[in-house]
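J.: Next come a sequence and a model predicted from it.
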Amino acid sequence: MSQNRLEELINKTSSFPPGLQKIEALERAIAEAEVLGEPDVAFKLQSDLIESAVFNGQGDRAIVSFASYLKNADQNWATINHHDLLWKYKWILNALPALPQIPKAKILDMVSDMSRRVEAAGYSQRPVFYIRWRVLAEMGDFEAAAADIQRWRSEVKDGLQDCEACETNAEVNFSAETFNNEQALEIARPILEGKLTCTAIPQNTLGNIIRPLMRLGRIDEAVKVAERGYRLTSKNEVYLNQVSECLLVATHTNALVRAKRIFSKHAIWALKTGFHSRRLRFNSVAFAFLKKLAQGKLKDTSSETSDVKKRKAASSVRLQLPSEHPLYQPDARYDISVLANWYQIEAEKLAQQFDQRNGNRYASQCLKETYELAGVEHD
């Protein structure tokens, strides 16, 4: 090991596009820097890794690196960029609820830890209240979240707040998750009209309003939103939740061609993601899609084919699944019932893990609604 080797690794990280290769290269460079006793270099690389992992669907890897990053920050508190540190703390706290192995008490302890650091850095508690209500809502504790929403609104903005588009989207999501469907759509209006945008908006919002539209019976609107959303999200793994909602709409409307394409293209994302809640959502919709496919309820209704006819119930189907899939078949021919059963078991196992961590039935209730909106019966 040498300084030259470290420099080579650092240079190599910059040659990779955003994604898993870059993340792995950063991990190797961090390990080398730590062995060589270069804490400042390791700190910078950890910062890069956290950002790359969070925004490329690898939240678990970001969390692992954050522990060392925070330790290094504490050792150099007087000289580090507090704003940068606290911003990354927000990213990590947003990621934690997506991992059922992280206890709820641990997550809330980290929110309190961030609160102390925010105060020490001279900022208001606004970002703390914002993060707390968001993580509480993701864990299904909506009553506690609502109280923090009021505290968040009463605090002044002083530089650590998300952009207006992202904060508005967070309120859209909260309203959608609490079944305030009309309210969610009303809050989303400035985003849908293009008055509020950012790098992640309207992408996230388009996914967040699909269920409110479906609950209200506004299926034609949901289809249009899903089509628009899919165009914006289908090339970035961070939007797995939004892609899953597009698959839900295609399954509900029995659009065979579109549903098969979405499922086949993005099954690999669900296998690779470090956000287990995103895997849960995709797997639950995938089960619904496959069950309807097996029952012959999906039709060639896509505008991409002129062959519009009712399918007969089938026992097998050709699907392009990634070789990493546990049930991968080289001939791309799959027993639909076996595949559907695998996705159901995986989804319901994850839901149980989240329910146990959250101390409620929120994940299982979400699972049940997914099946109902897709139009399938479940055991």
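T.: Yep, that arrived.
J.: same question for stretch 155-163, mean pLDDT?
T.: Stretch 155-163 carries an average pLDDT of 92.
J.: same deal with stretch 226-237?
T.: The model assigns stretch 226-237 a mean pLDDT of 97.
J.: Equivalent analysis for stretch 282-292, please.
T.: Mean predicted confidence for stretch 282-292 is 97.
J.: what about Glu32, which helix or strand?
T.: helix 20-35 (DSSP states H and E).
J.: What about Leu99, how many residues nearby?
T.: 18 (other Cβ atoms under 10 Å). All C-beta atoms are positioned from the backbone trio N, CA, C, and that covers glycine.
J.: Surely it touches His276?
T.: Yes. With contact defined as Cβ atoms under 8 Å, Leu99 reaches His276; the gap is 5.6 Å.
J.: following the helix holding Glu32, which helix or strand comes up?
T.: helix 39-54.
J.: buried ones in that following helix?
T.: Neighbour counts over helix 39-54 (16 or more other Cβ atoms under 10 Å) mark 39, 41-54 as buried.
J.: all helices for the stretch 151-300 of the chain, in order.
T.: 164-177, 181-192, 203-208, 210-215, 219-233, 240-252, 256-272, 276-294 (DSSP state H, counting those that start in this stretch).
J.: Low-confidence ranges, the stretch 151-300 of the chain, go.
T.: Within the stretch 151-300 of the chain, the set of residues satisfying pLDDT under 70 comprises 300.
J.: what residues go with each domain of this protein?
T.: Recorded structural domains for the chain (assignment: automatic domain parsing) are 1-80, 83-161, 234-379.
J.: picking that back up, average pLDDT for the helix holding Glu32?
T.: 87.
J.: what packs against it?
T.: helix 3-15, helix 39-54, helix 59-75 (3 or more Cβ pairs under 8 Å, 6 or more residues apart in numbering; DSSP states H and E).
J.: so can I have CSV of those helices showing mean pLDDT and distance to Gln161?
T.: Below are the helices and strands packed on helix 20-35 laid out as CSV (pLDDT from 0 to 100; distance: least, Cβ to Cβ, whole Å):
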stretch, mean pLDDT, distance to Gln161
helix 3-15, 79, 30
helix 39-54, 88, 18
helix 59-75, 88, 21
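J.: Would you mind putting those helices into TSV with distance to Ala286 alongside?
T.: Shown next, in TSV, are these (distance: least, Cβ to Cβ, whole Å):
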stretch	distance to Ala286
helix 3-15	34
helix 39-54	24
helix 59-75	21
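J.: Out of those, flag the one nearest Met114.
T.: Met114 lies closest, by Cβ to Cβ, to one member of those: helix 59-75, at 10.1 Å.
J.: Quick one: neighbours of Arg153, just the number.
T.: The number of residues packed near Arg153 is 11, by other Cβ under 10 Å.
J.: and Tyr334, that one's in a strand?
T.: Yes. Read with DSSP: H, G, I helix; E, B strand; the rest coil, Tyr334 is one of the residues of a strand.
J.: Check the gap between the spatially most central residue of the chain and Leu99 for me.
T.: Nearest to the mean C-alpha position of the chain, counting by Cα atoms, centre = their mean, stands Arg278 at 4.8 Å. For Arg278, the distance to Leu99 equals 11 Å [Cβ to Cβ, to the nearest Å].
J.: Ok, Leu373 next?
T.: In terms of Cβ to Cβ, Leu373 sits 25 Å off from Leu99.
J.: swap in Pro18?
T.: Here Pro18 is placed at a distance of 21 Å from Leu99 (Cβ to Cβ).
J.: Next: Glu177.
T.: On the measure of Cβ to Cβ, Glu177 and Leu99 end up 19 Å apart.
J.: likewise Ala31?
T.: Ala31 is 23 Å from Leu99, by Cβ to Cβ.
J.: same thing with Val156?
T.: Distance of Val156 to Leu99, computed by Cβ to Cβ: 32 Å.
J.: leaving aside the residues next to it on the chain, what's closest to Cys163?
T.: Here the nearest residue to Cys163 in space, its sequence neighbours aside, is Cys198; by Cβ to Cβ, 6 or more residues apart in numbering that works out to 5.0 Å.
J.: circling back: nearest to Ser323, out of the helices and strands packed on helix 20-35?
T.: helix 59-75 (22.1 Å).
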